[in-house]
Every structure is written in C-alpha cells, then in structure tokens.
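J.: build me a structure from this.
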Amino acid sequence: MALIKSVRGFTPQIGKDTFLAENATIVGDVVVGEGCSIWFNAVLRGDVNSIRIGNGVNIQDGSVLHTLYEKSTIEIGDNVSIGHNVTIHGARIEDGALIGMGAVVLDHAVVGEGAIIAAGSVVLSKTVVEPGSIYAGVPAKFVKKVDPEQAKEINQKIANNYHMYASWYTEEENIDE
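T.: Model prediction:
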C-alpha cells in the first residue's frame, strides 16, 4: 500500500478509481483527482505548500513533485502525463500536456494546454510554454507548434494507456484475494 501521510494538519485526498503503486509516497496538502495513476517510487510532497492534480493524470515512476514554502504551488490539469523521473517544483501544468521523461519544470513555470516538454528538458522558473507547442533543451526553448488535434490525440492516448495499465494492477489484486 502506498505511503499516505498527514503533515501539518493536512491529509492527502485521493479521488476514486485512482491507482497508487505500493511504494508511491503522498504527503500533506495533496489532492488527487479521479481516474489517476501514481506509479512506483513517485513522491508527491505537499508538506510545504499545496499540490492539486486533476482527473485522468498519470505520474510515472520516480517522479518528484514539490513546492517552495509559502511561495509556489503545483497545479496539474486533467489528462496530463508526467513521464518517468520528472521533477516538477512549484509549477502549473495545464490540461492535456505531456512532460517527457527526466524533464525538470521549475517554480512558477506554466506549461500550456496540450504542450509537450521533451525528455530531459529543463523548464526554467517563470517560463511560459505556449499551448500546443513543443519545448526542448537545457534550458528548454520553443521548438515548434504542433497541430492541436494531433497533440491532443497523442497526449490523450498516453493518458488513456496509463489508465489501462493501472487496471492491470487492480485485476492482479483481485486474483490474489
């Protein structure tokens, strides 16, 4: 069972139909929407400020979400995919965005709706990533706009796949009972 821990009077709230891997850690002022999946070794640390996660979000293995004390929060929209080993520190990620593996998104950055952050990129503090664009590099820079329908299709497919993957684990739990 995932580690769900109250801190400073805040207890994480987890939406229905959300998969939590056994070694995921969710602490403090964290609200997770419905139909999400929080994968192995992911850490959502809402001890110093709030983390709000929409519906249909997948936070993949090894990702870390944290904030600055009294200065930044995390807001993640619906149907967002956070790749393996991503660090999000006090940023806003809007609906349908995709954060590639190993990327870092720093305080007060905003990743627009349907945007894609390439694997390994570093989105610096206060960067505004336009909706429907691809950013890549260290520091992350604009690469190109993507067709909004194509981006939505790709990003939605990944989000849907992770919902399916999560169902495999609940099926296994039912077999073991």
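J.: contacts and neighbour counts: CA atoms only from here.
T.: OK.
J.: what's the burial count for Asn79?
T.: Per other Cα atoms under 10 Å, the neighbour tally for Asn79 reads 27.
J.: for it, give me its contacts.
T.: Gly54, Asn55, Gly56, Val57, Asn58, Asp95, Gly96, Ala97, Asn155, Gln156, Ala159 (Cα atoms under 8 Å, 6 or more residues apart in numbering).
J.: list the contacts of Ile76.
T.: Applying Cα under 8 Å, 6+ apart, the residues contacting Ile76 are Arg52, Ile53, Gly54, Arg92, Ile93, Glu94, Asp95.
J.: the fifth one and Ile76, how far apart?
T.: Read it as Ile93. According to Cα to Cα, to the nearest Å, Ile93 and Ile76 sit 5 Å apart.
J.: might one say that Val146 is in contact with Glu130?
T.: No - judged on Cα atoms under 8 Å, Val146 makes no contact with Glu130 at a distance of 10.8 Å.
J.: helices of this structure, residue ranges please.
T.: In the chain, the helices defined using DSSP state H lie at 148-176.
J.: ok, Val57 touching Gly35?
T.: Yes - here Val57 reaches Gly35: they are 7.3 Å apart, a contact under Cα under 8 Å.
J.: who's more crowded, the two?
T.: Val57 (29 against 22).
J.: what about this protein, any weak spots by pLDDT?
T.: 171-177 (pLDDT under 70).
J.: repeat that for 90
T.: Counting by pLDDT under 90, the ranges of the chain that qualify are 1, 70, 146-156, 159-160, 170-177.
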